[in-house]
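Asker: Here is a sequence with its predicted model. Questions after.
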Amino acid sequence: MHFVIYCKDKPDHMDVRTATRPDHSAYLEQHADKIVAAGPMLTDDGNGMVGSVLLMEFGDRAAAEAWAAGDPYAKAGLFESVEITPWRKVRPAD
């Protein structure tokens, strides 16, 4: 089952994001087989990062929640909020 993991950064936490990025990237690499798409949300000018959106595949919500909680960004306290929602791909058709 696919899940959208929508994470909003706390204001003024770019230093946390920057310091934790190598560990976050390694975590993503360890779980690359579960990633459908992933990337940062940007400021309107495209120069800053304000959160993350990940489309992931897990067996169930509990697995998605455990994965999100294990993300080094989450462990470092970067996120103001994290929403996990089941998602179904419709377009483009495979």
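Answerer: Nice, thanks for sending it over. Numbering: from 1, shown residues only.
Asker: show me what contacts the residue nearest to residue 58 when sequence neighbours are not counted?
Answerer: Leaving aside its chain neighbours, residue 58 sits nearest to residue 64 (4.4 Å; criterion: Cβ to Cβ, 6 or more residues apart in numbering). All C-beta spots, glycine's among them, are computed from the backbone N, C-alpha and C. The neighbours of residue 64, taking Cβ atoms under 8 Å, 6 or more residues apart in numbering as the test, are 3, 5, 56, 58, 84.
Asker: in what helix or strand does residue 64 lie?
Answerer: Using DSSP states H and E, the secondary-structure element containing residue 64 is helix 61-70.
Asker: likewise residue 51?
Answerer: For residue 51, the element it lies in under DSSP H and E is strand 49-57.
Asker: Each with direction, which strands does that strand pair with?
Answerer: Here the strand partners of strand 49-57, with direction, are listed using DSSP bridges: strand 2-9 (antiparallel), strand 35-42 (antiparallel).
Asker: For that strand, C-alpha coordinates in PDB please.
Answerer: What follows is strand 49-57, C-alpha atoms only, in PDB (Å, rounded to 0.1, in the frame of the first residue of the first chain):
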ATOM      1  CA  MET A  49      13.300  24.100   2.200                       C
ATOM      2  CA  VAL A  50      10.300  24.000   4.400                       C
ATOM      3  CA  GLY A  51       9.400  20.300   4.600                       C
ATOM      4  CA  SER A  52       9.400  17.000   2.900                       C
ATOM      5  CA  VAL A  53       6.900  14.900   0.900                       C
ATOM      6  CA  LEU A  54       7.600  11.200   0.500                       C
ATOM      7  CA  LEU A  55       5.500   8.700  -1.400                       C
ATOM      8  CA  MET A  56       6.300   5.300   0.100                       C
ATOM      9  CA  GLU A  57       5.200   1.700  -0.100                       C
END
